[in-house]
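> Give me the fold of what follows.
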Amino acid sequence: MILLSSISKVIQAFSGLLQVDIACFDKSGRIIAATEDYIALKGMKVHAPFFDKIYGNHITLLHQPGDMNMCEGCHFFHKCPSKAELIQDMMFNGEKFGYLSFVSLSSENKSVLIDQKDFYTEWLTRLKDIIISILRDSNEFKSNLSPVYSSGNYIFGESNAFKYITKLVKKMRNSTSTVLITGETGTGKSMLAKYIHENSTVSEGPLVEINCASIPESLFESELFGYESGAFTNARKGGKKGYFESADNGTLFLDEIAEIPIHLQSKLLKVLQDGIIQRVGGTSVKKVNARIIAATNQPLEKSIQEKKFRSDLFYRLNVIPINIPPLRERLLDLPVLVEEMMENLKHRSGKYFNSYTSGFMEALTAYHWSGNLRELENVIEYSMNFENDSTLTEASLPPYLLDNYNLNLNSGKSIELVGMEREMIMQKLNLYGNSYNGKQMVAKELGISVRTLYRKLDKLQIES
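Numbers count the residues shown, from 1 in each chain. Below you'll find the model as predicted:
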């Protein structure tokens, strides 16, 4: 992390010279670097709506941090360690790099910062220019400091499964090998593909995404490989580039890869092997250099057995396999997912929420989430629209989810135990399979009869 080290050293030097604490934030409001005292007293968590309200003011002097309307919802509301702050946007040629702040953490320094505002403003601007010069055109900044998630992108979590995935992506940062992402509908496969692209050596190039299920079979070849002028009736004069050419020196994401027609799979395999394409109706060939990421919610092994998918294409795609677990198997990630969704959805709902009740989280934990992240985001957006307070409660939830919560409450078992029981049964089913023999093994390990297991599957709304 040479880049972060450089910024941190500059900040420490300016802090010692000016006798003021300093914090630098990226454009989403997350801390890039800060002085030790700042982090010790304020930590790394940032109140993002605060930055939304000061953006565009260029230089803002805050006399009473923590006691202003823009601070409502912050965990330091009415008790902020900062006594005064001088904040500036880091902008260059219309591009936003983030924010820079001089901070007084004591009452003595507060008066100095306020009385000598012009002096500190000049030095704040100088430091801003230095940091921007470090950040500009820096590949390390783009691969390491760009948020792991953007609006609506939730590739993160505290569960072991997601820690493993993020660790894997970091390890293959210098690789251009083909990746096959598997997972149920709504688990975030396209989000992960974007994350892999943004944290790779081809991040400067385009990310071209194709949903293979949405392309008519008759147009598949021309869409994928392009066509020459006059290749067929109504062909565009001058021809057209295909997706492979558009993704040259970047990433081509083939979503729903199982939907590619069987008769075109051999041609796709050859392109993946040789990196050479030929447009429909053309005679010349062209070399393309596109990193391939494929995704599917179907078991390709089964498609191979049914002769719907070529085994050689599967092995060519399955160089680096990544499976995204369903949300019901990563309930540990719910709190951080909910917080980020609340943050990302505030503009759409027109409201800002800073917390939720324990009952709200219990209701989410007790639910089976067949729609995964997509369903969770819908639930959070619904709750934000129908809650008038700044805290989400179980009463904010959609009726079907609230009914499920009340049903579990009436069962006499704690919501936490219900969630744990569901997660444990799902793990066992994944281990032994969903066949009758598999269920026999699951029931045996749980010390219950198969009939009791079926009743639990029905009660916990686990698909059998």
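> Assign the nearest residue to residue 374 once chain neighbours are set aside to helix, strand or coil.
Using CB to CB, 6 or more residues apart in numbering and skipping residues adjacent in sequence, the residue nearest residue 374 is residue 186, 3.6 Å away. C-beta here means a position set from N, CA and C on the backbone, and glycine is covered the same way. Here residue 186 is coil, with the state taken from DSSP: H, G, I helix; E, B strand; the rest coil.
> what's the answer for residue 337, then?
Going by three-state DSSP: residue 337 is helix.
> any weak-confidence spans in the stretch 101-250 of the chain?
137-153, 156, 233-235 (pLDDT under 70).
> Over to the stretch 301-450 of the chain?
Looking at the stretch 301-450 of the chain by pLDDT under 70, you get 408-420.
> Could you pull out the strands in the stretch 1-150 of the chain for me?
21-26, 31-34, 59-62, 84-92, 95-104 (DSSP state E, counting those that start in this stretch).
> so what are the domain limits for the protein?
2-143, 160-323, 327-410, 417-459 (automatic domain parsing).
> number of nearby residues for residue 184?
Counted with other CB atoms under 10 Å, residues neighbouring residue 184 total 19.
> My error: substitute residue 353 in the last question.
Residue 353, neighbours per other CB under 10 Å, totals 23.
> Return the residues in contact with the nearest residue to it once chain neighbours are set aside.
Closest residue to residue 353 apart from its sequence neighbours, by CB to CB, 6+ apart: residue 342 at 5.0 Å. For residue 342, the contact set (CB atoms under 8 Å, 6 or more residues apart in numbering) comprises 353, 354, 356, 380, 384, 392.
> so the first one sits right up against residue 391, yeah?
Which is residue 353. Yes. With contact defined as CB atoms under 8 Å, residue 353 counts as touching residue 391 (6.7 Å).
> anything in contact with each of the two?
What both residue 353 and residue 391 touch, as defined by CB under 8 Å, 6+ apart, is an empty set.
> The residue nearest to residue 353 sits in which helix or strand?
helix 334-344 (DSSP states H and E).
> chain center to that helix: distance?
On the basis of CA atoms, centre = their mean, to the nearest Å, helix 334-344 sits 11 Å off its chain's mean C-alpha point.
> buried stuff in the very next helix or strand once past it?
Sequence order places helix 346-349 as the next helix or strand after helix 334-344, per DSSP H and E. Across helix 346-349, burial judged by 16 or more other CB atoms under 10 Å covers 346, 349.
> Residues touching the next helix or strand after helix 346-349, excluding its own?
Next helix or strand after helix 346-349 toward the C-terminus (DSSP H and E): strand 355-356. By CB under 8 Å, 6+ apart, the surrounding residues in contact with strand 355-356 are 73, 338, 342, 390, 391, 392, 393.
> Which of those are buried, as a ChimeraX select command?
In ChimeraX, a selection of the buried entries from the contacts of strand 355-356 looks like this (16+ other CB under 10 Å):
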select :73,338,342,392,393
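> Residue 440: which of the contacts of strand 355-356 is nearest?
residue 338 (37.0 Å; CB to CB).
> pretty sure that closest one is touching residue 361, no?
Yes. Using CB under 8 Å, residue 338 is in contact with residue 361, at 7.3 Å.
> The stretch 351-464 of the chain: helices as residue ranges?
For the stretch 351-464 of the chain, applying DSSP state H, counting those that start in this stretch gives helices covering 358-365, 372-386, 399-410, 415-432, 436-446, 450-459.
> what about residue 406, how many neighbours?
When counting by other CB under 10 Å, one arrives at 13 neighbours for residue 406.
> That one and residue 460, how far apart?
15 Å (CB to CB, to the nearest Å).
> ok and the helix holding residue 342 relative to helix 358-365, angle-wise?
110 degrees (axes from the mean of the first three to the mean of the last three CA atoms, to 10 degrees).
> Tell me which of the helices of the stretch 351-464 of the chain approaches residue 290 most closely.
helix 372-386 (27.0 Å).
> Convert the C-alpha atoms of the closest one to PDB, please.
Only the C-alpha atoms of helix 372-386 are listed here, as PDB (Å, rounded to 0.1, in the frame of the first residue of the first chain):
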ATOM      1  CA  ASN A 372     -31.400 -13.300  -1.500                       C
ATOM      2  CA  LEU A 373     -29.800  -9.800  -1.700                       C
ATOM      3  CA  ARG A 374     -32.400  -8.600  -4.200                       C
ATOM      4  CA  GLU A 375     -35.200  -9.500  -1.900                       C
ATOM      5  CA  LEU A 376     -33.400  -8.000   1.100                       C
ATOM      6  CA  GLU A 377     -32.900  -4.700  -0.700                       C
ATOM      7  CA  ASN A 378     -36.600  -4.600  -1.600                       C
ATOM      8  CA  VAL A 379     -37.500  -5.200   2.100                       C
ATOM      9  CA  ILE A 380     -35.200  -2.400   3.300                       C
ATOM     10  CA  GLU A 381     -36.500   0.000   0.700                       C
ATOM     11  CA  TYR A 382     -40.100  -0.800   1.700                       C
ATOM     12  CA  SER A 383     -39.400  -0.400   5.400                       C
ATOM     13  CA  MET A 384     -37.700   3.000   4.700                       C
ATOM     14  CA  ASN A 385     -40.700   4.300   2.800                       C
ATOM     15  CA  PHE A 386     -43.200   3.300   5.400                       C
END
